[in-house]
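Student: Return a 3D structure for these sequence lines:
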Amino acid sequence: MLIILRVLRVLKFARYSSGMRSLLEVLEAERRALLACLVILGCATLVSATAMHIAEGHVQPDKFGTIPDAMWWAIVTLSTIGYGDVVPATGIGRMIASATIICGLIMIALPVGIVATAFSDVIHRREFIVNWSMVARVPLFSHLTAADIAHIMQLLQARQLDRGEVIFRRGDPATAMYFIAEGDVEIELGPEESGRRIRLGAGHFFGEVAVLKRVERSATVKAVSRLRLLVLDAADLRALISREPGIARKIRQIAEGRTGRNLNLEIADLEGQDEVDEKETV
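Tutor: Numbers count the residues shown, from 1 in each chain. Got it, this is the predicted structure:
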């Protein structure tokens, strides 16, 4: 017995697995619902065993002679395992067995559905918190309210890449900016920057300059590890700037440290771009 108990030490792996910790959290949070399912299963087992004892106790006394004997058949049938070592021999017994099998399918689906739904909610909640904190840390959006950040998160699209995949190449059209949720990227600048390489990790963003200048990409970016990105479409970024002028000011400040004065002027022009477009349309 002590040797068997020592095997339980394998559960220590849960300390190093976020998935295992999430599963334990789910079991803890849904313990009342799972306990209710267990009580219902026990009641169904007792009812099925009693019914089978009454129907087949005199036909198969060695298997259904008592209710505890019949409970083995009821548990095996309700769990949908069905070993086949104990089977009904009468018509009424088969009807009871059919109803027990259908109840068993429902009983198995209940706890599985509860755990699966709760586990999915925990994972999504964790991703939401991670994405929220990451977007809130981005200098472009640090001054926004919670409602504005929630609106931005609705515009973001998730994208996953494997190590070595290219996100975009130098000369490609600029269609979106990117936020790094997990992993690292390497930015290879063009010849005008002596081919310098920059590495960015989780929490950083890139690709906004070419989007705002409406020019082709000036660098090549690839994943150096398994990568999860949040993508903000160019049109959505411009709509955000027209809605929140403070974002344009933040971009101007960041652009001063990246590209210098020329980009400042173009971003300043961008703040009024929508008004110019409306006048031209009229």
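Student: Pull up the gap between residue 72 and residue 191, please.
Tutor: Remark: distance between residue 72 and residue 191 (C-beta to C-beta, to the nearest Å) = 79 Å. C-beta: built from backbone N, CA, C; applies to glycine.
Student: which SS class is residue 198?
Tutor: Here residue 198 is strand, with the state taken from DSSP: H, G, I helix; E, B strand; the rest coil.
Student: Okay, and the beta partners of it?
Tutor: The partner list for residue 198 in beta bridges (DSSP bridges) reads residue 187.
Student: Do I have it right that it meets residue 204?
Tutor: No. With contact defined as C-beta atoms under 8 Å, residue 198 does not reach residue 204; the gap is 9.7 Å.
Student: What sits closest to residue 103 if chain neighbours are left out?
Tutor: residue 44 (5.5 Å; C-beta to C-beta, 6 or more residues apart in numbering).
Student: Show the contacting residues for the one you found.
Tutor: With contact set as C-beta atoms under 8 Å, 6 or more residues apart in numbering, residue 44 has these partners: 74, 78, 100, 103-104, 107.
Student: right, and out of the residues you listed, which lies closest to residue 144?
Tutor: residue 107 (48.7 Å; C-beta to C-beta).
Student: Isn't that closest one up against residue 40?
Tutor: Yes. Taking contacts as C-beta under 8 Å, residue 107 lies within contact range of residue 40: 6.9 Å.
Student: So the residue nearest to residue 103 lies in a helix, does it not?
Tutor: Yes. Under three-state DSSP, residue 44 falls within a helix.
Student: Tell me the pLDDT of it.
Tutor: Here, the pLDDT recorded for residue 44 equals 93.
Student: measure it to residue 51 for me?
Tutor: 11 Å.
Student: circling back to that earlier point, can you pick the most crowded of the contacts of residue 44?
Tutor: residue 74 (27 neighbours; other C-beta atoms under 10 Å).
Student: Counting neighbours, what do you get for residue 111?
Tutor: For residue 111, the count of nearby residues is 17 (other C-beta under 10 Å).
Student: which residues of the stretch 151-282 of the chain fall in helices?
Tutor: 208-213, 234-243, 245-258, 261-271, 273-281 (DSSP state H, counting those that start in this stretch).
Student: I'd like the average pLDDT over the shortest one.
Tutor: What that stands for is helix 208-213. Averaged across helix 208-213, pLDDT comes to 78.
Student: so how far is it off the chain centroid?
Tutor: Distance, stretch centre to chain centre, for helix 208-213: 30 Å (C-alpha atoms, centre = their mean, to the nearest Å).
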